[in-house]
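> curious how this folds, go ahead:
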Amino acid sequence: MHLYELMMGFGIALINVVGVLVIYAVTRAIWGGRQTEETTALAGSVMTRVATLHGLILALVFAQELADYSDIRSDLVSEATAIADIFNDIRRYDTPQMAEVQATLAAYMRHVIANEWETLSDTGKLTGAGWQLREKIHQTVLDLNPDTPRREDLRAHMVAKSELIAELRQKRENNAVRSLSGLFWFAAIVGLVWVAVPYFTYAPTPLHLSLLSLYGAYTGVILYVIFAFLDPFSQPGALPPTAFTQLLAGEMGRY
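Numbers count the residues shown, from 1 in each chain. Take a look at the predicted model:
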């Protein structure tokens with residue numbers, strides 16, 4: 001994790017702590033010292049129920065965003081595997097177009113790493129150049145004329161893999177433009193406030209304030225991580241195209 005990400009996470013946690021303590025101070029100034037034992041019991045009951053619902057909302061959204069983030073990483077590995085399959089199958093096919101296809105595959109990966117990843121972060125769109133490189137690969141394998149059962153199987157496999165690359169590219173673009181509904185952020189912030197309010201029944205001792213700060217800080221960290229997972233192509237939760245760089249570190253990097 002980079003220093004920038006750590007500082008941003010710390011800042012959001014600190015803002016949450018300050019917000020919770022301000023809510024506590026305001027409600028304590030208004031109602032503190034005048035509540036009965038019944039008020040304390042009721043506040044504790046309300047706080048428990050709201051905190052449970054608030055925690056459940058955060059947990060469900062956190063789990064969904066983590067799953068989506070993992071799916072993007074898995075799709076990138078699947079795309080890299082499809083590229084490697086075409087790279088090796090065209091060699092087995094033994095055609096004059098072999099060097100051209102292999103060089104285009106390497107150029108495609110370099111373009112994704114150097115240009116398209118940043119473009120997805122800035123605009124949420126794939127580049128036309130990336131699609132052209134993929135189309136060149138697809139058209140080349142489509143134009144092959146297999147004359148043996150072996151070559152026919154290899155061509156069918158390469159065509160299927162080139163179609164898979166297009167499918168995974170489209171999924172990547174869709175993931176780059178998706179966003180989390182503002183209703184979630186509204187519910188998260190309101191839940192944070194409503195959990196903090198009943199704490200006014202507790203005296204402002206150092207221990208109580210520390211525990212309240214701990215709650216605010218941890219909630220802030222969870223919200224920060226959810227925010228980071230929302231955009232896997234931008235900081236603070238940017239997902240590097242490791243599967244592509246690993247391929248280029250091997251034989252494909254020579255093309």
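
> and T201, what is it in contact with?
Taking CB atoms under 8 Å, 6 or more residues apart in numbering, we find T201 in contact with Q35, T39, T40, A43, G44. C-beta here means a position set from N, CA and C on the backbone, and glycine is covered the same way.

> equivalent analysis for P241, please.
If you count contacts by CB under 8 Å, 6+ apart, P241 has them with L76, V112, I113, W117.

> count of neighbours near the third one?
Yep, that's I113 we're talking about. A count of nearby residues for I113, using other CB atoms under 10 Å, gives 16.

> next: the second one.
Neighbourhood size, V112 [other CB under 10 Å]: 25.

> so which of the contacts of T201 wins on neighbours?
For these, the largest number of neighbours (other CB under 10 Å) sits with A43, at 19 neighbours.

> so the nearest residue to L142 once chain neighbours are set aside is in which element?
On the basis of CB to CB, 6 or more residues apart in numbering, the spatially nearest residue to L142 that is not a chain neighbour turns out to be V159, at 6.2 Å. Element membership for V159 (DSSP states H and E) is helix 149-177.

> cool, and K125?
With DSSP H and E as the criterion, the answer for K125 is that it lies in no helix or strand.

> what about A203, how many residues close to it?
Applying other CB under 10 Å, we find 11 other residues in the vicinity of A203.

> and it, backbone torsions?
Dihedral angles of A203 (phi, psi; degrees, to the nearest 10) stand at phi -70, psi 150.

> next one: the one 4 residues further on
The phi/psi pair for L207 (degrees, to the nearest 10) reads phi -70, psi -50.

> which of the contacts of P241 lies closest to V193?
Distance to V193 across the contacts of P241 (CB to CB) is lowest for W117, with 37.9 Å.

> could you measure the closest one against F233, distance?
Counting by CB to CB, to the nearest Å, the separation of W117 from F233 is 6 Å.
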